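build me a model from this:
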Amino acid sequence: MKGATYFSETHQDARARFTEAAARSSVLATQWREPFDAQDPQGDVLTGRNGEALATECAWFGALDAPNVVIVGSGTHGAEGLAGSGAQLAAIDQLIPQIASDQLAIFMLHGLNPWGCSFERRCDHDGVDIMRNFIDFDAPPPPPSDRFKRYAWALAPDAARGPRRWYADLAVLWCVLRYGVSRLQAEIPAGQYAFPSAPFFGGHRPSWTRRMLERALLAHVGRARRGVAMIDIHTGLGARGRGVLLGEHERLDEPACQRGLAWWGDRYEPEAPDTRPARRFERSAARRTAYRLNGSMPRAIREQIFQDATVVTAVLEFGTIPQLQAMNAVRDDHAVWNAARAAGRVPPSPDDPAVVAARAAMREAFYPSDPAWRAEVAAQSLSAIRDAARGLLAADISMD
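Numbers count the residues shown, from 1 in each chain. Alright, predicted model coming up:
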């Protein structure tokens, strides 16, 4: 399976392969790095798991002044970054030489959350979930639900094993049995701003990734293009190996929503209140397990950064394992980091059996080793990028 060969086993290797592949491309216009300069409490710049300097790698393919741009991001949730990186490498090799031109450019951002990519965590160094970080921090944040407040301690246990962890697991099981999976899936992951040690924490201030992304998009893409689309590659939701493009809209008749439906058809699932009665389709496994986010990054890119209702932003989500199993992997990850933080040993020892087990669970949840799964990620990502490019060029022709 050639598609599986684009995928790496470490973030360091993925970064090197991305940089090298971009440099070899005949349609590369320029590439650069956005250095990660976040600091620890002692004022030292944070490094990766192996002490490496961190950065988000960027590459622009096609004309710098092309009127249409497709943006492809990876690693917003760090643990999912290796999957997105493999898809980006496949696109550089197989697709971009065919579609990049003076009319269409591809802008790739590799490792949007570089610390999370290196440590294979969904959150960043401050425990922030980047996808939920795009709120107005000058205003009061959305309050957590009563259920989240009641069970936050169990969702983010401070022990990876032992009686306290067993008690936390029983509390989560009771919550699931009492309220049901569907209700909790719509409520718990939506984003919260009160519990930094718990999953889905949106932060208390704009993250490094948010500041970098806002600066990079305005500086390199800007607001004067005719057509812009962004595809951010994620894993962990939906049917295994199936890619679904998730959008966020208030109404189905929004221009961006209509474009997404025209480009991707039933692969595009708009999260709009009138979706079900208007389209009458059977919702995909990804949408059935998706949720409307507070501080949504794709929505903020369209509405706040570009301020253009025609900009199409979609999360390309690939299913891996059952949702509750993936949630337990996230809980295991938070448990070992919370325990290490309480003991003053951050980062946790990579040789600790609980850390090894937690990392293995995160791998299975967000980056399966199955070559067939990886080949599907590559193939379906290329299809989504190709269809976005064709859609932008078709709209450009119709405007002329």
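
any idea which residue is closest to the centre of the protein?
Thr76 (3.8 Å; Cα atoms, centre = their mean).

what about that one, is that helix, strand or coil?
coil (DSSP: H, G, I helix; E, B strand; the rest coil).

could you measure from it over to Leu109?
9 Å (Cβ to Cβ, to the nearest Å). For glycine as for every other residue, the C-beta is placed from the backbone atoms N, C-alpha and C.

kindly list the longest strand within the protein.
As assigned by DSSP state E, the longest strand anywhere in the chain is strand 227-240.

residues in contact with Leu54?
If you count contacts by Cβ atoms under 8 Å, 6 or more residues apart in numbering, Leu54 has them with Pro35, Phe36, Leu46, Thr47, Gly48, Pro114, Trp115, Ser118.

sorry, back to before: if you count neighbours, what's buried in the helix or strand that the longest strand of the chain is followed by?
Heading C-terminal from strand 227-240, the first helix or strand you meet, by DSSP states H and E, is strand 243-248. Residues of strand 243-248 classed as buried by neighbour count (16 or more other Cβ atoms under 10 Å): Gly243, Val244, Leu245, Leu246, Gly247, Glu248.

now the helix or strand just after strand 243-248: buried residues?
Downstream of strand 243-248, the first helix or strand assigned by DSSP H and E is helix 255-264. Neighbour counts over helix 255-264 (16+ other Cβ under 10 Å) mark Ala256, Cys257, Arg259, Gly260, Leu261, Trp263, Trp264 as buried.

mind giving me the domain split of this protein?
The record's domain parsing of the chain by automatic domain parsing lists 2-135+207-245+259-266+283-320+367-399, 146-190+324-354.

just the endpoints, please. Distance across the shortest one?
By that I understand domain 146-190+324-354. 31 Å (Cα to Cα, to the nearest Å).

now do the helices in the stretch 101-250 of the chain.
114-119, 146-155, 163-179, 181-187, 208-216 (DSSP state H, counting those that start in this stretch).

and of those helices, who's closest to Ala365?
helix 114-119 (14.2 Å; Cβ to Cβ).

then Ala21 would be within a helix, right?
Yes - using three-state DSSP, the assignment for Ala21 is a helix.

that one against Leu89, yeah?
Yes - taking Cβ atoms under 8 Å as the definition, Ala21 is a contact partner of Leu89 at 5.5 Å.

more crowded one of these two?
Leu89 (24 against 19; other Cβ atoms under 10 Å).

so what's the more buried one up against?
Leu89 neighbours (Cβ under 8 Å, 6+ apart): Tyr6, Phe7, Arg17, Phe18, Ala21.

between the contacts of Leu54, which has the most around it?
Most surrounded of these: other Cβ under 10 Å gives Pro114, at 32 neighbours.

what strand or helix carries Val72?
strand 68-73.

oops, could you answer that again for Leu293 instead?
Per DSSP H and E, there is no helix or strand for Leu293.

now do the contacts for it.
Met131, Arg132, Pro189, Ala190, Gly191, Glu248, Arg299.

out of those residues, the closest to Ala335 would be?
Checking the contacts of Leu293 one by one against Ala335 (Cβ to Cβ), the nearest turns out to be Pro189, at 17.5 Å.

so how far is Arg242 from that closest one?
Pro189 is 20 Å from Arg242, by Cβ to Cβ.

cool, Asp158 as well?
36 Å.

what segments of the stretch 251-400 of the chain are strands?
Here the stretch 251-400 of the chain has its strands, by DSSP state E, counting those that start in this stretch, at 268-271, 312-319.

just want the angle from the last one to strand 227-240.
Interaxial angle, strand 312-319 versus strand 227-240 (axes from the mean of the first three to the mean of the last three Cα atoms, to 10 degrees): 20 degrees.

what's the nearest residue to Gly241 if we skip its chain neighbours?
Glu376 (4.4 Å; Cβ to Cβ, 6 or more residues apart in numbering).
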